[in-house]
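# okay, predicted coordinates and the sequence, questions at the end:
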Amino acid sequence: MILDSLDNLHKYVALNPRIQTVVDFIKANDLAVVPSGKVQIDGDDVFGNFQTLKGKTKEEAKLETHNVMLDIQVPFNTAETMGFTPRRDLPQGEYNAENDITFYEGLAEQYVTVHPGEFAIFLPQDGHAPCIAPGKEVQKVIFKVKL
């Protein structure tokens, strides 16, 4: 898991060159005014899921992992807490290949708060439980970047 300022996202292009596409998209767009839904940025290799979600409690938030895509999660209207547990510490789960996701029961081991102007990157080895913001409406984008 990586947590940093959006101003530094370009420094992570070495992880995956497709991250540059996300950097360019963010520079060219006001994220807060992009309509909800899926936005194709580079076909199926890079896209953004723009969402407005009801914030969850830690107990409601499900841990998840992905095998094919990495997540760059960016809240833009309010702070959002995200749970984290290394995948190696999670039990076996059933992988849904169509949606590239495995869900897990239980609470995360650690929690971090991501503020507007920041991002969190979750790689396949990172179990994460997003959208923890009880009583709040969370506007965010999850950029999906193919590995």
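Arrived safely. Numbers count the residues shown, from 1 in each chain.

# and for residue 5, the neighbour number?
When neighbours are defined as other Cβ atoms under 10 Å, residue 5 has 11 of them. C-beta coordinates here come from the backbone N, C-alpha and C atoms, glycine included.

# likewise residue 91?
Residues near residue 91, counting by other Cβ under 10 Å: 8.

# the protein: strands as residue ranges?
Here the chain has its strands, by DSSP state E, at 2-5, 37-42, 46-54, 63-65, 69-75, 80-86, 95-96, 101-104, 110-114, 118-122, 126-132, 137-146.

# make CSV from those and add mean pLDDT and distance to residue 25 to it.
As requested, those are exported to CSV (pLDDT from 0 to 100; distance: least, Cβ to Cβ, whole Å):
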stretch, mean pLDDT, distance to residue 25
strand 2-5, 98, 17
strand 37-42, 97, 5
strand 46-54, 97, 7
strand 63-65, 98, 23
strand 69-75, 98, 10
strand 80-86, 98, 20
strand 95-96, 98, 26
strand 101-104, 98, 23
strand 110-114, 98, 18
strand 118-122, 98, 13
strand 126-132, 98, 20
strand 137-146, 98, 8
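
# residue 13: which of those is closest?
strand 137-146 (10.6 Å; Cβ to Cβ).

# what are the pairing partners of the closest one, and which direction each?
strand 46-54 (antiparallel), strand 69-75 (antiparallel) (DSSP bridges).

# and the gap between residue 33 and residue 77?
11 Å (Cβ to Cβ, to the nearest Å).

# who has more neighbours, those two?
Neighbour tally, residue 33 and residue 77, criterion other Cβ under 10 Å: the higher count belongs to residue 77, 15 against 8.

# wait, the more buried one touches residue 141, no?
No - applying Cβ atoms under 8 Å as the test, residue 77 and residue 141 come out as separate, 11.1 Å apart.

# is it true that residue 39 touches residue 51?
No - in this structure, residue 39 is not within contact of residue 51 by Cβ under 8 Å, at 11.2 Å.

# all good on my end, thank you.
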